[in-house]
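> return a 3D structure for these sequence lines:
(2 chains)
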Number of protein chains: 2
Amino acid sequence: MTATVHPIRPNREPAPSLQPLLNLVAGDMNEVNRCILERMQSPVSLIPALAGHLIAGGGKRMRPMLTLACARLLDYAGTRHHKLAACVEFIHTATLLHDDVVDGSGLRRGKETANLIYGNPATVLVGDFLFSRSFELMVEDGSLRVLKILSHASSTIAEGEVDQLTAAREIETTEDRYLDIISAKTAVLFAAACQIAAVVAERDDKTEAALESFGRNLGIAFQLVDDAIDYVSDADTMGKSIGDDFREGKVTLPVILAYQRASEEDRLFWRDAVSGRAAGDEELARAVELLKSSRAVDDTLARARHYGSRAIDALAHFPNGPARAALTETVEFAIARAY
Amino acid sequence: MTATVHPIRPNREPAPSLQPLLNLVAGDMNEVNRCILERMQSPVSLIPALAGHLIAGGGKRMRPMLTLACARLLDYAGTRHHKLAACVEFIHTATLLHDDVVDGSGLRRGKETANLIYGNPATVLVGDFLFSRSFELMVEDGSLRVLKILSHASSTIAEGEVDQLTAAREIETTEDRYLDIISAKTAVLFAAACQIAAVVAERDDKTEAALESFGRNLGIAFQLVDDAIDYVSDADTMGKSIGDDFREGKVTLPVILAYQRASEEDRLFWRDAVSGRAAGDEELARAVELLKSSRAVDDTLARARHYGSRAIDALAHFPNGPARAALTETVEFAIARAY
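Sure thing, here's the model as predicted:
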């Protein structure tokens, strides 16, 4: 790692990690996990079996951790955020289950996906169950403001997912449209996860807005790095192999930038690849080459750093302390994953 | 139609119809339809296109009509029920979209299903959108009681659908289990649609319970008749051809009763049919014969009349008048569809 590829913390070693965040919320997270396990139960045993496959499947639980850390940032002393953090994770899990059906993917975090094991019908319906259960939990909490934020987040996610489907294999997708899509399908839930902490802590609109901005910018950075990683990572660290997006014809920002900067001949190559006419190992090697020569991955990461910086600056609203430090390092970690 | 097959209104002609209900709620229904059309919009054009295919596709809008009629029964003079009736229809529509994906069916109400035209991925995601949008509308209304009733209904529906999937092609399904499944997947939304009218009209728990009971029993009767119709109706009236359930190996009450009453030889036939090993036209003809000789369809309809009677008796709580008469005739219509 050098200063050029990671300018946010140029002078500090070791590499940023998720550990400060994990430490900060460890106690609260036990409560959230208890709630998740308790509330994913059902007399219909296929529901906890299928939901548990994904929920116990080694996800980082980033979104609920953000709710907890933001509550800590505000010195919130109650317990409402435990249930609401579980809501956020249920919405996320429901989305992942439906995503796996939509993508027809077979691997997530290095494990077989639920739809591969249990089939598409059960996966769709258990997603629906978790989604409904999430709303039941919110209603138990009883805050209409939280309900508004999370129901709006849910419909925006669905809108973003449909939009992404419409843009699938569409090589002419612009950077603006791509940003709209990832803002909807990814960043909105990060934003909501953070914002609801301000609601339970009964803080003012300015505080809500600052946390919303922090979460939204972190979410965009997170997704941009994910999309870059697909062309640089290896299967050991990410649980997915390099080139998954390429093989599925996904038009992510690295591809958009490379295509925009390409010669006519190379554009032909990208069109064939994204359409699925030619997207094998040989083409993947050429794609990685073109992404490198056009600096498309580097610039995707530069965009990610931009949103990461905005996320960190949104925290200027809050006093220094372990919570702010942990959230700051979480942003740095999100970016540093690519290096 | 004779007194023996339709004992609820033995002395009255013409046949019961949905017309009194349609007349009762016509004005309100225009408002609901306006709300449905307005709130299914999205900048992502695939969403209104796909949702509109089903929403404009000639459904009866039974559930929102029930909300409106129950509000009328209570002399409710406000307008909150318009938006909430739209919520109920959105939940129902989302469920139908996901059902079509789960069943892999190609026809609904005589039209091609959305998943056949737009594909499974878009159908799953637009279902998610409508479901989320429904919660956004509820939150706008702002009643936590309504939110509780409808979020609980949603998770119960999903639970029932997963349970049904678990019971698929399971010839040993008992009548009790079957009733649990249809109570969850169908009757709960009928019940909720009626119950929320009491909430907006600010009536007491007894009134809520009476409307819940009316809707629940009507819902069960409705589903039982649907299941019977699959073995007696013709494609012109129902938009689906006879034997659809049979060909899909669905174990509905007519099959459960016929199997329980069958000889060992006939049980073998049912096992082969439900497993899908032998479920062609010839087998369908034999199934219809066995259902007739065992009186399984007749007795399914007798069960439906039982729940229909209970629904009508739940209305005893309310004063006579056009709303009560229309709701009573709606139950009679639901039953009479089979004759």
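
> next up, the contacts around A:L327.
A:21, A:66, A:69-70, A:73, A:214, A:315 (Cβ atoms under 8 Å, 6 or more residues apart in numbering or on different chains). To be clear about C-beta, it is placed using only N, CA and C from the backbone, and glycine gets the same treatment.

> hmm, I typed the wrong one, I wanted A:K250.
Counting by Cβ under 8 Å, 6+ apart, the residues that A:K250 touches are A:A168.

> hmm, back to that, redo the contacts of A:L327 as a markdown table? Include secondary structure and distance to A:A221.
As requested, these are exported to a markdown table (DSSP: H, G, I helix; E, B strand; the rest coil; distance: Cβ to Cβ, whole Å):
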| residue | secondary structure | distance to A:A221 |
| --- | --- | --- |
| A:L21 | helix | 15 |
| A:L66 | helix | 13 |
| A:A69 | helix | 16 |
| A:C70 | helix | 17 |
| A:L73 | helix | 19 |
| A:F214 | helix | 11 |
| A:L315 | helix | 14 |
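
> next, count neighbours for the closest residue to A:S42 other than its chain neighbours.
Closest residue in space to A:S42, ignoring its immediate chain neighbours: B:E159 at 5.6 Å, by Cβ to Cβ, 6 or more residues apart in numbering or on different chains. When neighbours are defined as other Cβ atoms under 10 Å in any protein chain shown, B:E159 has 26 of them.

> so which helix or strand takes in B:E159?
helix B:144-166 (DSSP states H and E).

> how about stretch A:39-48: buried residues?
A:39-40, A:42, A:44, A:46-48 (16 or more other Cβ atoms under 10 Å in any protein chain shown).

> got TSV for those, with secondary structure and distance to B:S143 too?
Shown next, in TSV, are the buried residues of stretch A:39-48 (three-state DSSP; distance: Cβ to Cβ, whole Å):
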residue	secondary structure	distance to B:S143
A:R39	helix	23
A:M40	coil	27
A:S42	coil	26
A:V44	coil	29
A:L46	helix	33
A:I47	helix	28
A:P48	helix	31
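
> show me the contacts for A:A86.
So A:A86 contacts A:32, A:35-36, A:39, A:64, A:134, A:137 (Cβ under 8 Å, 6+ apart).

> scratch that, A:A153 is what I was asking about
With Cβ under 8 Å, 6+ apart, A:A153 has these contacts: A:91, A:188-189, A:191-192.

> give the closest residue to it in space, chain neighbours not counted.
A:A192 (4.0 Å).

> residues touching that neighbour, list them.
A:88, A:149-150, A:152-153, A:212, A:215.

> now it: which helix or strand?
helix A:188-200.

> ok, now A:R72?
helix A:62-73.

> in that helix, what's buried?
Buried, per 16+ other Cβ under 10 Å, within helix A:62-73: A:62-73.

> how about stretch A:125-141?
A:125-139, A:141.

> just the mean pLDDT for it, thanks.
For stretch A:125-141, mean pLDDT rounds to 98.

> can it be said to contact chain B?
Yes. Contact of stretch A:125-141 with chain B (Cβ under 8 Å from any Cβ of the partner chain) involves A:125-126, A:128-129, A:131-133, A:135-136, A:138-139.

> then that stretch to PDB, C-alphas only?
Provided in PDB are the C-alpha atoms of stretch A:125-141 (Å, rounded to 0.1, in the frame of the first residue of the first chain):
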ATOM      1  CA  LEU A 125     -40.800 -16.600  -0.300                       C
ATOM      2  CA  VAL A 126     -38.400 -16.600   2.600                       C
ATOM      3  CA  GLY A 127     -37.100 -13.300   1.400                       C
ATOM      4  CA  ASP A 128     -40.700 -12.000   1.500                       C
ATOM      5  CA  PHE A 129     -41.000 -13.400   5.000                       C
ATOM      6  CA  LEU A 130     -37.900 -11.700   6.300                       C
ATOM      7  CA  PHE A 131     -39.000  -8.500   4.700                       C
ATOM      8  CA  SER A 132     -42.400  -8.600   6.300                       C
ATOM      9  CA  ARG A 133     -40.900  -9.600   9.600                       C
ATOM     10  CA  SER A 134     -38.600  -6.600   9.400                       C
ATOM     11  CA  PHE A 135     -41.700  -4.400   9.200                       C
ATOM     12  CA  GLU A 136     -43.300  -6.200  12.100                       C
ATOM     13  CA  LEU A 137     -40.200  -5.400  14.200                       C
ATOM     14  CA  MET A 138     -40.300  -1.700  13.200                       C
ATOM     15  CA  VAL A 139     -44.000  -1.500  14.100                       C
ATOM     16  CA  GLU A 140     -43.200  -3.000  17.500                       C
ATOM     17  CA  ASP A 141     -40.600  -0.200  18.000                       C
END
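
> which residue ranges of chain A form strands?
For chain A, the strands defined by DSSP state E occupy A:107-108, A:111-112.

> nearest to chain B, out of these?
strand A:107-108 (16.5 Å; Cβ to the nearest Cβ).
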